[in-house]
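1. Turn this into a model:
(one chain, ligands or ions: 2)
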Amino acid sequence: MTVLGIETSCDETSAAVLRDGSLLSNVTATQLVHAKFGGVVPELASRAHVRMITPVVQDALAKAGVSPEGIDTIAAVYGPGLIGSILVGLSFGKAMAIGLGVPFVGVNHIEAHLVSNFIEEPRPDFPFVSLTVSGGHTQLVLVTGPLEYILLGETRDDAAGEAFDKAAKMLGIGYPGGPVIDKLARDGSPDAIQFPRPYLDEDGYEFSFSGLKTSLLYYLRKHQLTEERLQREPRLLADLCASFQAAIVDVLVQKLFTAAGRHGATSIAVAGGVAANSALRRRLEFESAKRKLRLFIPRFEYCTDNGAMIAMAGYLKAQKGMYSDLELPAVPNLRIGSTP
Ligand code: KG4
Ligand code: ZN
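-> Ligands and ions are numbered 1, 2, ... in the order given. Down below sits the predicted model:
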């Protein structure tokens, strides 16, 4: 079975071709237009998807050496995400499915992040605990089988990546904030400033990062740390980045390993753009080695939004006969475990 996967839920236009579970190509066009606004501008994102969807799909087919007629199934994201963005890929995918006379599969974006660790070998054993951390989501999920899972907890407010992005905006260091904070934090001390660890309920799996963001704001105000002053004092900026990052990493790691222990998981998997964070990776490697757990983090291109994970989720759904109706709408607030 050869599946074309299409991802357009946010600011990445991506398409991939997967044959019998093996990836043949994955092409992603990242929209740079949002950088100067310090966040994704929905209308600009939709327009960029409209411009990029045809060349990106053509490129994915060409790189895979597959003609459109060689595609058996088309999978496209239908939520959650920005409605205008989702509609571009969803409509494109449906139109292609009609044109080629092949079945269509609508894919939940979060479900796709969960299977991003299946794109390449080795693959995690079931059950495993998965942490999806991106600009839009922070979710802890127990994965009990292919496309079988239980949501353990999620964020009540900001996602982890969003917290990085908002902090970077306050510090005046650019967008997206995660990679910049990660880089600057390398020269700073994680213990320099004691930001709160928002564990909420120590025993539970819910996250909350908006209070942490507020404490950074108060700290900056209290010490009169303007963007200009931080630029003049790189050491202080590095300490702020390292300390803020450490608070996020501590909470993510504590909840992930508590969940793994309680559910008898032998593997843990992390996905989403924040999985690229070097401090998080170091802690994950250290803690999983200590507990003799197998750690899975996909390659960076499969951590961030990508067509390969949509194709993989589409393939798994197609194998179970879970095809979608062509009337399937775009669902911006789609949740995990929602039907169809
Ligand atoms: O998965 P992704 O590309 O898109 C969403 O679905 O949101 O994740 C993007 C997020 C952004 O918030 C970005 O700041 C964050 O991932 N990110 C990082 C790093 N690289 C990307 N956060 C922390 N450290 C990084 N190295
Ligand atoms: Zn995502």
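2. All the helices of this protein, in order from the start?
-> 42-64, 83-100, 109-114, 160-171, 177-185, 210-222, 227-232, 234-262, 278-290, 300-303, 307-319 (DSSP state H).
3. out of those helices, which comes closest to ligand 2?
-> helix 109-114 (5.6 Å; C-beta to the ion). For the C-beta atoms, the positions are set from N, CA and C on the backbone; glycine is no exception.
4. In TSV: the helices of the chain, plus mean neighbour count.
-> Converted to TSV, the helices of the chain look like this (neighbours: other C-beta atoms under 10 Å):
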stretch	mean neighbour count
helix 42-64	18
helix 83-100	21
helix 109-114	27
helix 160-171	24
helix 177-185	21
helix 210-222	15
helix 227-232	13
helix 234-262	21
helix 278-290	16
helix 300-303	19
helix 307-319	28
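5. Format those as a markdown table; extra columns: mean pLDDT.
-> Listed next are the helices of the chain as a markdown table, based on pLDDT from 0 to 100:
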| stretch | mean pLDDT |
| --- | --- |
| helix 42-64 | 97 |
| helix 83-100 | 98 |
| helix 109-114 | 92 |
| helix 160-171 | 95 |
| helix 177-185 | 96 |
| helix 210-222 | 96 |
| helix 227-232 | 95 |
| helix 234-262 | 97 |
| helix 278-290 | 97 |
| helix 300-303 | 91 |
| helix 307-319 | 97 |
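6. Report the residue ranges of every domain in this protein.
-> Listed by automatic domain parsing, the domain ranges of the chain are 2-115+302-319, 124-297.
7. How about the backbone phi and psi for the residue in the stretch 1-150 of the chain positioned nearest to ligand 1?
-> Closest to ligand 1 within the stretch 1-150 of the chain is residue 135: 2.9 Å, counting by C-beta to the nearest ligand atom. Backbone torsions for residue 135, taken as degrees, to the nearest 10, come to phi -70, psi -20.
8. what's near enough to touch it?
-> Neighbour list for residue 135: 10, 40, 159, 161, 162, 165, 176, 178, 273 [criterion: C-beta atoms under 8 Å, 6 or more residues apart in numbering].
9. from those residues, which is closest to residue 55?
-> Nearest to residue 55, judged by C-beta to C-beta, of the contacts of residue 135 is residue 10 at 18.7 Å.
10. residues near the nearest residue to the closest one once chain neighbours are set aside, how many?
-> Spatially, and ignoring its direct neighbours in sequence, residue 10 is nearest to residue 81 (5.4 Å; C-beta to C-beta, 6 or more residues apart in numbering). When neighbours are defined as other C-beta atoms under 10 Å, residue 81 has 28 of them.
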